[in-house]
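Colleague: Generate a structure from the sequence data that follows.
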Amino acid sequence: MNSYFESLGRFATHNPNKIALSFHQDGASTVVRYGELWRDIDREAVSARASRRGELEIISSRTGYGTILTYLSALRNGAYPAYLAPLTARQDAQIFHSELSQLIERFRPNRVIADTFDPARLHSLPFGDVDEPGLVQFSSGTTGLRKGIFISERHLLAQLAALGTQLGINAEDRIACWLPLYHDMGLISSLLLPLYFGASVAYLDPVEWSFRPESLLALVHSERTTVCWQPDFAFRHIANRYARAGVLPESRLDSLRLLINCSEPCRTRTFVDFWHRFRGLGLREDALQVSYGMAEIVFAATVTAFNSEREWLSDPEYLSSGRPLPGTAARIADGGSAEQPGEIEVQGECLFAGYLRHPDPREVFSGGWFRTGDLGFVRERELYVVGRKDDTLIVNGRKILAYQVEDHVGLQKGVRPGRVLCIVSTGGTAVDILYEGEELDVENLRRIRQWCATAAGASVNRILNLEPGIIVKSSSGKVARAKSIEKLARLGLLGS
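Modeller: From the prediction side, this is the model:
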């Protein structure tokens, strides 16, 4: 990672007093300047506890200056650091520890730093799976055990250059971030990218943000931040908080030049609702943008260049995810259309070579194109992402997208957002809908059944209210369908 740290070192030497990182959590704020950051990386890199060249280091702890130093010093030493989601109160501890044990067995890291794990070194042999500088990123684990993705320094620098050019990232930018660093969106957009360009980052704790989503708006206001990335559900989470309160916050959002929705799918109503709720706070209409990406291509594959609300409305249901970044291409397998979406495939100079320690690391490639598992279509050269192949259910011989049912039920009053699971009932002739939240009344249940019959073309076998925390979420906040079904079976909650 010589080139990356040469850039960071030059900036730190010439601008030692500029704020690099600030942390706003537990009611306190801490500031780290570039000169201090550079000295601390140097000091940490030569300490006895630092990882050495060729070693794999897994970091599964709360976002903070200490874990960032550990990560950056490992990169500086030529080790391969990898963030992993820490255990939180909202996770299933049994599933967490089981997956951590499986990852340790498969990847044999030299060291694991976790709140629930002894940080002693585990293995003495170097990782050995790659022979060039870079880092390891784990997938979110939505469909099974997390996959290991190697991101080389050359791929990282190509991505940073493309993003920097496309978005105009520079040293004057101030990034607002509540995103966890174990996700590629948080790691690239809100750590490696800003430090490379000499920008500043203001962090909120992800768990604190989830309970107080309005804290992001307060951070934008107090720090006059200019850029922020977050997934689609976060826009709705923030807007819903103020819809329930019935008042607007005492915050100004006019400093934001980019507020980027980066997930799949991104919904048109998300921007429409957010814009109409917060435009009175000075939010710029052209600040709201969309990007589509994945760790397999470092981070971003596409980005939009919206100028107005009118451009969001080109499709009534889905926001455009824009056109590919320079050096990247995207296509739909077998054509695809809005009526019959196809699998999205991507190709480019930042694309990974295959999953680490996987029985068939190239199984997800087709003629050099990466099969993403996402569904979408292209209209006027712009990509629209509509869901995941894994979310496609076959009900009575008809294909339906489970997330569409889950999204509709999640909008009902009393249902916890993101805590709905739609599965095929036994026999395959109807669906079961399982949700967390308040018990829905008879009229709401009737309307849900009617909507499923008309909009999704599926009859409903049962609608079941679950205890909080039963539905399993991936580290990226998505419903982990297979793990949730496995847990429901273990608890005897799968119906007949």
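Colleague: what sits against the closest residue to Pro86 other than its chain neighbours?
Modeller: Take Pro86 and drop its neighbours on the chain: the residue closest to it by Cβ to Cβ, 6 or more residues apart in numbering is Ser60, 4.9 Å away. Backbone N, C-alpha and C define where each C-beta goes, glycine included. Applying Cβ atoms under 8 Å, 6 or more residues apart in numbering, one finds that Ser60 lies in contact with 83-87, 100, 112-115, 117, 182.
Colleague: Find the helix or strand that Ala202 is a member of.
Modeller: Counting by DSSP states H and E, the element that carries Ala202 is strand 200-204.
Colleague: Now list the buried members of the contacts of Ser60.
Modeller: When the contacts of Ser60 are checked for burial by 16 or more other Cβ atoms under 10 Å, the buried set is 83-87, 100, 112-114, 117, 182.
Colleague: Sort the residues you listed by pLDDT and name the bottom one.
Modeller: Within the buried ones among the contacts of Ser60, Phe117 has the lowest pLDDT, namely 64.
Colleague: quick one, strands of the stretch 251-400 of the chain?
Modeller: 258-262, 288-293, 300-303, 323-324, 328-332, 342-348, 365-366, 369-379, 382-388, 392-395, 398-401 (DSSP state E, counting those that start in this stretch).
Colleague: circling back: ok, of the contacts of Ser60, which one's closest to Asp391?
Modeller: The nearest member of those to Asp391, counting by Cβ to Cβ, is Ala85 at 21.1 Å.
Colleague: The closest one should be in a strand, yeah?
Modeller: No: assessed with DSSP: H, G, I helix; E, B strand; the rest coil, Ala85 is coil; it does not lie in a strand.
Colleague: oh, and call the first residue 57 from now on, that's how I've got it
Modeller: All set: I'll call the first residue 57, so the last point we hit is now Ala141.
Colleague: is it true that it touches Gly242?
Modeller: No: between Ala141 and Gly242 there is no contact under Cβ atoms under 8 Å: 10.9 Å.
Colleague: Who does the strand holding Ala258 pair with, and is each partner parallel or antiparallel?
Modeller: Each strand paired with strand 256-260, and its direction, by DSSP bridges: strand 75-81 (parallel), strand 230-233 (parallel).
Colleague: Mean confidence (pLDDT) on the following helix or strand past the last one, please.
Modeller: Helices and strands here follow DSSP H and E; after strand 230-233, the next one along the chain is helix 240-243. Looking at helix 240-243 alone, the average pLDDT works out to 95.
Colleague: Which other helices and strands does helix 240-243 contact?
Modeller: strand 283-286 (3 or more Cβ pairs under 8 Å, 6 or more residues apart in numbering; DSSP states H and E).
Colleague: what do you get if the cut-off is 10 Å, keeping everything else the same?
Modeller: strand 136-139, strand 190-194, strand 204-208, strand 283-286, strand 314-318, strand 344-349 (3 or more Cβ pairs under 10 Å, 6 or more residues apart in numbering; DSSP states H and E).
Colleague: centre of the chain versus the longest one, how much separation?
Modeller: What that stands for is strand 344-349. The chain centre lies 12 Å from the centre of strand 344-349; the measure is Cα atoms, centre = their mean, to the nearest Å.
Colleague: just the fourth one next, same as before
Modeller: Centroid separation between strand 283-286 and its chain, computed with Cα atoms, centre = their mean, is 11 Å.
Colleague: helix or strand right after that strand?
Modeller: Next element after strand 283-286 (DSSP H and E): helix 288-301.
Colleague: dump the residue contacts of the residue nearest to Phe330 when sequence neighbours are not counted.
Modeller: Spatial nearest neighbour of Phe330, chain neighbours left out: Phe291 (4.8 Å); criterion: Cβ to Cβ, 6+ apart. Phe291 sits next to 269, 315, 317, 319, 322-323, 326-327, 329-331, 333-334, 344 when contact means Cβ atoms under 10 Å, 6 or more residues apart in numbering.
Colleague: Go again with 7 Å.
Modeller: By Cβ atoms under 7 Å, 6 or more residues apart in numbering, the contact set of Phe291 is 317, 326, 330.
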